[in-house]
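>>> Below is the sequence, then the predicted model.
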Amino acid sequence: AERGRVQRGSDGAASVWASFTYYELNTRVGDPYHAQMIYPDHNYVIIDGYTEPGNNQQRFCLGQLSNVSRNNTVEKTRKHIGRGVKISFEDNKVYIECLGDSAVFVQSRNSNKEYGFHPSTVVKIQSGVKLKIFCHKLFHEILTQQLTEGYEAVFDLTKHCMIRMSFVKGWGADYHRQD
């Protein structure tokens, strides 16, 4: 494929390698952002706190999303998103890199299994750190195992395909905020 051209499937639709939905506390804000395959071997998206994506198809600017119910705590937190994160798809793996000055917090059942953590572990990623958060090979191995366990076990794998992330503030067992 040509560099800079969106990859298309056999049906002519753009190939999407990830979808991102933004929440403030438990409220969804805006429409999901679909990251399209632009390059055959390496794709990425920058999620930041700025307001102008310009012409960049690989940028999701949270600063442009409005929420009439936004409270003061969320407003203060949003000011710390800054340069945000880079999420990349390389060699059938997904990585996250913290580009901003404030840490981000990630919960990925897939990477937690790979690293031997409890499935609900939330990992703190400091500025400048890059971490693998999803591995297709591992998912395929888990899927193959679960096929023998039946529908419920396979359906439960949808949780392995969802990765939760929070800018600035963590959540979970080791944090004040549990959800």
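Thanks, I have the structure now. Numbers count the residues shown, from 1 in each chain.
>>> mind checking pLDDT for the residue sitting furthest away from the middle of the chain?
For the chain, the largest distance from the centre (Cα atoms, centre = their mean) belongs to T148, which lies 29.3 Å off. Note for T148: predicted pLDDT of 91.
>>> Could you check how far it is from I96?
Relative to I96, T148 is positioned 32 Å away (Cβ to Cβ, to the nearest Å). (Glycine included, C-beta is placed from N, CA and C.)
>>> again with F60
In terms of Cβ to Cβ, F60 sits 13 Å off from I96.
>>> Packing partners of the longest helix along the chain?
Ranked by residue count, the top helix of the chain under DSSP state H comes out as helix 136-146. The helices and strands touching helix 136-146, judged by 3 or more Cβ pairs under 8 Å, 6 or more residues apart in numbering; DSSP states H and E, are helix 109-115, helix 151-155.
>>> List the buried residues in that helix.
By neighbour count with 16 or more other Cβ atoms under 10 Å, helix 136-146 contains the buried residues 138-139, 142, 146.
>>> Equivalent analysis for stretch 38-54, please.
Those would be 38-39, 43-50, 53, for stretch 38-54 by 16+ other Cβ under 10 Å.
>>> pLDDT below threshold where in this structure?
1-14, 174, 176-179 (pLDDT under 70).
>>> and if we set it to 80?
Within the chain, the ranges that satisfy pLDDT under 80 run 1-14, 39-42, 52-57, 172-179.
>>> G128: what's it in contact with?
Contacts for G128 (Cβ atoms under 8 Å, 6 or more residues apart in numbering) come out as 97-98.
>>> May I have the secondary structure class of it?
Local secondary structure at G128 is given as coil here, using DSSP: H, G, I helix; E, B strand; the rest coil.
>>> Over to N56?
coil.
>>> State the distance from it to D41.
In terms of Cβ to Cβ, N56 sits 19 Å off from D41.
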